[in-house]
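Asks: one predicted model, sequence on top.
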Amino acid sequence: MTLFLVHCAGCLYYLLADRYPHKGKTWIGAVIPNFRETSLWIRYISAMYWSITTMSTVGYGDLHAQNSMEMIFIIFYMLFNLGLTAYLIGNMTNLVVEGTRRTMEFVSVHVHNLLLVILLFNLFCRIVILLVNFAAKIHDDPSFNYFSKPS
């Protein structure tokens, strides 16, 4: 999505320069005087370079507005970029918060289940130890007869 927006902004910015009546008083005309005679690839790269440096707020200043039409376009482009950046950062923050909430929920449920399993295993071990001790007591006491009737 961002690449598409960079592409559209660069193409519109180039279109402003191409349609401006004074070719030397445009952003690309100031850097490449006969820009219409250069290859389309060079013009496209220049437009993308401007768009990306403006969107990323780096703005080196080597390609900048030369007339009021370009200045107005750049004002709206920068305001749009501020909104887009705020929207993206807000969504990423929401993803982190939601992920943290789900992780804590998952841990609390599974830690509770794990503690329950540990308690049941501990109870089972205690019962086994009692049975083993009882069996050892029966084995060691010859007078104990489980099958005899009480007198």
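Replies: Great, that's in hand.
Asks: can you map out the helices along the chain?
Replies: Using DSSP state H, the helices of the chain run over 2-19, 40-55, 68-140.
Asks: got the contact list for the first one?
Replies: Contacts of helix 2-19 with the rest of the structure, by CB atoms under 8 Å, 6 or more residues apart in numbering, involve 23, 26-29, 35-36, 43-44, 46-48, 50-52, 54-55, 69-70, 73-74, 77, 84. Glycine gets a C-beta too; all of them are placed from N, C-alpha and C.
Asks: quick one: buried ones out of those residues?
Replies: With neighbours counted by 16 or more other CB atoms under 10 Å, the contacts of helix 2-19 contain buried members at 26-29, 35, 43, 46-48, 50-51, 54-55, 70, 73-74, 77.
Asks: give me the mean pLDDT for stretch 92-108.
Replies: Over the span of stretch 92-108, the pLDDT mean works out to 89.
Asks: how far does it sit from the chain's center?
Replies: 13 Å (CA atoms, centre = their mean, to the nearest Å).
Asks: for it, buried residues please.
Replies: Of the residues in stretch 92-108, none is buried (16+ other CB under 10 Å).
Asks: so how far is stretch 122-140 off the chain centroid?
Replies: 56 Å.
Asks: ok, stretch 73-90 next?
Replies: Worked out by CA atoms, centre = their mean, stretch 73-90 lies 18 Å from the chain centre.
Asks: list of residues touching it?
Replies: Taking CB under 8 Å, 6+ apart as the rule, stretch 73-90 contacts 2, 5, 9, 12-13, 16, 51, 54-55, 57, 65.
Asks: ok, now stretch 120-134?
Replies: With CB under 8 Å, 6+ apart, stretch 120-134 has no contacts at all.
Asks: got it, and stretch 39-51?
Replies: Contacts of stretch 39-51 (CB under 8 Å, 6+ apart): 6-7, 9-11, 13-14, 27-28, 31-32, 35, 63, 77.
Asks: quick one: the spatially most central residue of the chain from Met55, how far?
Replies: The centroid of the chain falls nearest to Met92 when counting by CA atoms, centre = their mean (5.1 Å). As judged by CB to CB, to the nearest Å, Met92 and Met55 stand 17 Å apart.
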